[in-house]
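Colleague: Here is my input, please return the structure:
(one chain, ligands or ions: 2)
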Amino acid sequence: MSSPANRIDACVKRLRSGGLVAFPTETVYGLGAVATDENAVASVFALKGRPARNPLIVHVDGAEMARAYSANWPDAAQRLADAFWPGPLTLVLPRSERVPSIVTGGGETVALRCPDHPLALALIEQLGEGIVGPSANPSGGVSPTCAEHVRDSFSEDQVYVLDGGACVAGIESTVLDLTQSPARVLRPGVIGPEQVAAVLGSPVLGYVPGEGSDIRSPGLLGPHYAPRATTRLFTGQDGLGSLRTRRPGPAVVIARGAFEIGPDAQMLRLPSDARGFGAGLYAALREADGQNPALIAVESPPRSAETADERAIWAAVLERLTRAADAG
Ligand code: AMP
Ligand code: MG
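Modeller: Ligands and ions are numbered 1, 2, ... in the order given. Here you go, the predicted structure:
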């Protein structure tokens, strides 16, 4: 493989000529295009089959670049950027004129984040401007957490893949709306409302499915994160048993604990800690789906956790799995 510098050069060229580049971040792989290039952004929507009203996140290399894309940059944004960037926190702010309306789904706000991955940061720095970066997968499916996942969906002609290894967080960023007061979590992620509130020194509204958050963040409507196979959550051995009775046939069980799975089933064990589970979840869902089972049974996250970090991650995992299960 050529050196990282050569690969970044190739990506920058491709982006400047209106092409698409899949890039690694700490959350999932993004499908990158120059944010101000409306045609390139249109091809991101087309390739993903993403509804036009589902806005994209603009990825920047820091707060200074973020300011160019937002009409105002409140003190709260600066404090959160200082505390969490680079990192998995996306800030929704009023957009500046620089942001084409195709990026914002026609809305007046823009979502901004600085990804915590050396290749992503090098790419944005060298390009000198922001790139959109929705998850590099067909809309509605399971997000990619390694280069191979991206290649499973798209050809090299469609998308050049900048391989940066496996994503360490494995769950999409927290989306935080700073245009309302108090700030509100529109999509849960590994940074939870408790951590945000601690930095702001003021209350933050947590994610509530089906409340205002869905309307303000249209991408959060409907099924998402879904394997093709029927996916269901279970709790405990009895829960798994009744699920398998209701959905007979070959199954893949994704679990933290040990379970009696019976014949006709396969077990994929994930780490029992929140971080490890979150990091491995999408790869496990993809592997399970590859078996074409009648059922993917996933062990529910624990109901309580000791630290704010763990609570945030489990809440994000639960939201993704609930959406995956809603799909069918
Ligand atoms: P993805 O890029 O696939 O991780 O999805 C980005 C998420 O951010 C989607 O849920 C979008 O609805 C949300 N988002 C992006 N821009 C905005 C915005 N301006 N206001 C609210 N939510 C947004
Ligand atoms: Mg996505």
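Colleague: can you list the weak-confidence ranges in the stretch 151-300 of the chain?
Modeller: Applying pLDDT under 70 to the stretch 151-300 of the chain flags the ranges 210-223.
Colleague: Show the residue spans covered by the strands in the stretch 1-150 of the chain.
Modeller: 21-23, 30-34, 57-59, 89-94, 109-113, 131-132 (DSSP state E, counting those that start in this stretch).
Colleague: The stretch 201-328 of the chain now?
Modeller: Using DSSP E, counting those that start in this stretch, strands in the stretch 201-328 of the chain cover 231-234, 251-255, 265-269, 295-299.
Colleague: Turn those into TSV, including mean neighbour count.
Modeller: In this view, the C-beta of every residue, glycine as well, is placed from N, C-alpha and C. Shown next, in TSV, are the strands of the stretch 201-328 of the chain (neighbours: other C-beta atoms under 10 Å):
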stretch	mean neighbour count
strand 231-234	21
strand 251-255	24
strand 265-269	16
strand 295-299	24
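Colleague: just so I know, which of the ones you listed lies nearest ligand 1?
Modeller: strand 231-234 (18.6 Å; C-beta to the nearest ligand atom).
Colleague: circling back: dump the strands of the stretch 201-328 of the chain into CSV; add distance to ligand 1 as well.
Modeller: As requested, the strands of the stretch 201-328 of the chain are exported to CSV (distance: least, C-beta to the nearest ligand atom, whole Å):
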stretch, distance to ligand 1
strand 231-234, 19
strand 251-255, 22
strand 265-269, 24
strand 295-299, 20
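Colleague: Can you add mean neighbour count, mean pLDDT and distance to ligand 1 and give the strands of the stretch 1-150 of the chain back as JSON lines?
Modeller: Shown next, in JSON lines, are the strands of the stretch 1-150 of the chain (neighbours: other C-beta atoms under 10 Å; pLDDT from 0 to 100; distance: least, C-beta to the nearest ligand atom, whole Å):
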{"stretch": "strand 21-23", "mean neighbour count": "28", "mean pLDDT": "98", "distance to ligand 1": "13"}
{"stretch": "strand 30-34", "mean neighbour count": "28", "mean pLDDT": "98", "distance to ligand 1": "7"}
{"stretch": "strand 57-59", "mean neighbour count": "27", "mean pLDDT": "98", "distance to ligand 1": "5"}
{"stretch": "strand 89-94", "mean neighbour count": "24", "mean pLDDT": "98", "distance to ligand 1": "4"}
{"stretch": "strand 109-113", "mean neighbour count": "27", "mean pLDDT": "98", "distance to ligand 1": "3"}
{"stretch": "strand 131-132", "mean neighbour count": "29", "mean pLDDT": "98", "distance to ligand 1": "8"}
